[in-house]
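mind folding the following:
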Amino acid sequence: GGLEGEELIKVCWLSVTLFFIVGGYWLLRSLKDPIMSVISGVEYIPQAKMASLFVVLGLVVVYNHLLDIYPKHQLFYMMGFAYGGMFTVMGLLLLHPTIGLQNTASDPYRILGWVSYCTIESFGSMVVQCYWALVNSSVDVAFAKKNFGLIVAGAQIGSILGPTVAIKADVIGIPALYLLGAAIMFLMVGAMILYMKQFGSNLEAMEAAEAKKAAAAEA
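This is a model prediction of the structure:
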């Protein structure tokens, strides 16, 4: 579509990052109901859905507060590492003979099912909004009109591949797929770090100016 040089690289990096975000989310999303069913009970999925809503609302409040303290790209890194760490821990716990999936006696007091469900649900809301806030701050309107469709194509590929991989859960195992989802979180952060190193100088300068202006207004 007439893309070349720096613009082509920029679009590719943004598309790859969104591919990791959406692909990782749909992989984990495909696992959240089976995990909740085995560990905490299938009848508690509606309650878990409601609980995740309150978790997301709380995280939005925290996110909006942190926006006044940290630049958007740093918030994205923090979110990526936090979710990657949590998914890694939960993936390892799923391998535990009593805490994890080997124990098929579902009980609503087994907290792992609830935490896994709410964490996956909140990831889909929080990281995607942080990604687009960062991207919208780093590109102009002309770039957005021309290239956002191509960037979203990466998300569409991820939304197809994520569930496709999850279909192999009976062969690969749910804990292994869960750990794969955790690894994708770190790949997502790595892709954004590389993007910021190459194209983020203008954004960092703009954010620094905004922070300085806000501090002066408060003084």
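
shaky segments in the protein?
Applying pLDDT under 70 to the chain picks out residues 1-5, 201-219.

in this structure residue 188 contacts residue 22, no?
No - applying C-beta atoms under 8 Å, one finds residue 188 not in contact with residue 22, separated by 9.8 Å. For every residue, glycine as well, the C-beta is placed using N, CA and C.

distance between the ends of stretch 36-43?
9 Å (C-alpha to C-alpha, to the nearest Å).

list the contacts of that stretch.
For stretch 36-43, the external contacting residues (C-beta atoms under 8 Å, 6 or more residues apart in numbering) are 33, 44-45, 48, 100-101, 103-104, 106-108, 110, 112-114, 116-117.

quick one: distance of the lengthiest helix in the chain to the chain centre.
What stands out as the longest helix in the chain, according to DSSP state H, is helix 5-36. Here helix 5-36 is found 8 Å from its chain centre; the criterion is C-alpha atoms, centre = their mean, to the nearest Å.

distance between stretch 150-157 and the chain's centre?
15 Å.

can you show me the CA trace of that stretch as PDB?
In PDB, the C-alpha atoms belonging to stretch 150-157 read as follows (Å, rounded to 0.1, in the frame of the first residue of the first chain):
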ATOM      1  CA  LEU A 150      -2.800  -2.600   8.700                       C
ATOM      2  CA  ILE A 151      -1.900  -2.500  12.300                       C
ATOM      3  CA  VAL A 152      -5.300  -4.000  13.300                       C
ATOM      4  CA  ALA A 153      -4.600  -6.800  10.800                       C
ATOM      5  CA  GLY A 154      -2.000  -8.100  13.200                       C
ATOM      6  CA  ALA A 155      -4.600  -8.300  15.900                       C
ATOM      7  CA  GLN A 156      -6.900 -10.300  13.600                       C
ATOM      8  CA  ILE A 157      -4.200 -12.800  12.900                       C
END
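
can you pull the buried residues of it?
Neighbour counts over stretch 150-157 (16 or more other C-beta atoms under 10 Å) mark 151, 154-155, 157 as buried.

what does it contact?
1, 3, 11, 14-19, 21-23, 135.

the helices in the chain, which residues?
5-36, 45-67, 72-93, 111-138, 141-166, 169-172, 174-199, 201-218.

contact partners for residue 136?
Residue 136 neighbours (C-beta under 8 Å, 6+ apart): residue 144.

any of the contacts of stretch 36-43 buried? List them.
44-45, 48, 100-101, 106, 110, 112-114, 116-117.

of all the residues you listed, which two lie farthest apart?
45 and 100 (18.5 Å; C-beta to C-beta).

tell me how far stretch 148-164 lies from the chain's centre.
So, by C-alpha atoms, centre = their mean, the centroid of stretch 148-164 is 14 Å from its chain's centroid.

can you check stretch 173-187 too?
That offset, for stretch 173-187, works out to 12 Å (C-alpha atoms, centre = their mean).

same deal with stretch 164-178?
On C-alpha atoms, centre = their mean, the centre of stretch 164-178 falls 19 Å from the chain's centre.

also stretch 178-198?
Per C-alpha atoms, centre = their mean, the centroid offset for stretch 178-198 relative to its chain is 10 Å.
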